[in-house]
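Asks: this is the structure alone, sequence omitted:
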């Protein structure tokens with residue numbers, strides 16, 4: 001009976017985490033959250049994902065989820081690289097943003 005109770009608790013916890021976002025997040029995502037600025041109009045899932053440059057596992061993840069959608073491309077689909085000295089230790093950031 002203890003094992004059944006534990007299994008139910010684990011499934012309930014997994015369901016609670018999944019309900020936190022509109023769509024499943026990629027494996028390894030941290031600080032996962034959801035914001036509804038205008039519910040049903042403008043909502044956003046967000047997370048941090050650290051992986052070696054230039055991997056794009058999050059893009060691959062969402063490409064499979066939204067495979068029937070049409071992509072909307074901005075001015076450029078290239079990586080941006082820049083220095084960030086705003087913290088205690090300077091960082092060099094590689095960033096790819098898509099909508």
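Replies: Arrived safely, thanks for sending. Just so you know, these numbers come straight off a predicted model, no measurement behind them.
Asks: so what's the closest residue to residue 96 other than its chain neighbours up against?
Replies: Closest residue to residue 96 apart from its sequence neighbours, by C-beta to C-beta, 6 or more residues apart in numbering: residue 79 at 5.1 Å. For glycine as for every other residue, the C-beta is placed from the backbone atoms N, C-alpha and C. Going by C-beta atoms under 8 Å, 6 or more residues apart in numbering, residue 79 touches 53-54, 94-96.
Asks: make a markdown table from those residues and add distance to residue 46 and neighbour count to it.
Replies: What follows is those, written out as a markdown table (distance: C-beta to C-beta, whole Å; neighbours: other C-beta atoms under 10 Å):
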| residue | distance to residue 46 | neighbour count |
| --- | --- | --- |
| 53 | 20 | 12 |
| 54 | 21 | 8 |
| 94 | 18 | 11 |
| 95 | 14 | 10 |
| 96 | 15 | 14 |
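Asks: residues in contact with residue 46?
Replies: 31-35 are the contacts of residue 46 under C-beta under 8 Å, 6+ apart.
Asks: now, the residues you listed that are in strands?
Replies: 31-35 (DSSP state E).
Asks: ok, these vs residue 48, which is closest?
Replies: Closest approach between those and residue 48, by C-beta to C-beta: residue 31, at 5.0 Å.
Asks: can you get me a residue count around the closest one?
Replies: With neighbours defined by other C-beta atoms under 10 Å, the count for residue 31 comes to 8.
Asks: quick check: the gap between it and residue 22.
Replies: According to C-beta to C-beta, to the nearest Å, residue 31 and residue 22 sit 16 Å apart.
Asks: repeat that for residue 60.
Replies: 19 Å.
Asks: residue 90 now?
Replies: 35 Å.
Asks: same check, this time on residue 70
Replies: For residue 70 relative to residue 22 (C-beta to C-beta), the value is 18 Å.
Asks: ok, the two, which is more surrounded?
Replies: Remark: of residue 70 and residue 22, residue 22 carries more neighbours, 11 against 5, as counted by other C-beta under 10 Å.
Asks: tell me, how many residues neighbour the nearest residue to the more buried one once chain neighbours are set aside?
Replies: Once flanking residues are discounted, residue 22 sits nearest to residue 45: 5.5 Å by C-beta to C-beta, 6+ apart. By the criterion of other C-beta under 10 Å, residue 45 has 16 neighbours.
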